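In: pasting the structure only:
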């Protein structure tokens, strides 16, 4: 892996992060309000699941 791969991944992350605020900002505001009211264990569980899926996909793509 070289630096161009890392920069491409960061650029793709920014593109994906910007899709929901661009398409439906009101829904995103409601979702963030709901997330702020969620217990910590719930957010940690979703974070762990998200990281696990990301690592699995990265392993699959790079293998």
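Out: Received the coordinates, thanks. Just so it is clear, the structure is predicted and the values come from calculations on it, not from any experiment.
In: going forward, measure contacts and count neighbours with C-alpha atoms only.
Out: Fine.
In: so where is this protein shaky, pLDDT-wise?
Out: For the chain, applying pLDDT under 70 flags the ranges 1.
In: need the helices for this protein, in chain order.
Out: Using DSSP state H, the helices assigned to the chain run over residues 3-23, 25-36, 40-62.
In: just list what the shortest one packs against, helices and strands only.
Out: Spelled out, that is helix 25-36. For helix 25-36, not one helix or strand is in contact under the criterion 3 or more CA pairs under 8 Å, 6 or more residues apart in numbering; DSSP states H and E.
In: who touches that helix?
Out: Helix 25-36 is contacted from outside by 20-21, 43, using CA atoms under 8 Å, 6 or more residues apart in numbering.
In: can we see that at 7 Å?
Out: Contact with helix 25-36 is made by 20-21, as judged by CA atoms under 7 Å, 6 or more residues apart in numbering.
In: tell me what angle that helix forms with helix 40-62.
Out: Put simply, helix 25-36 runs at 120 degrees to helix 40-62, going by axes from the mean of the first three to the mean of the last three CA atoms, to 10 degrees.
In: now tabulate the helices of the chain in JSON lines and tack on mean neighbour count.
Out: JSON lines is the format used below for these (neighbours: other CA atoms under 10 Å):
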{"stretch": "helix 3-23", "mean neighbour count": "11"}
{"stretch": "helix 25-36", "mean neighbour count": "12"}
{"stretch": "helix 40-62", "mean neighbour count": "11"}
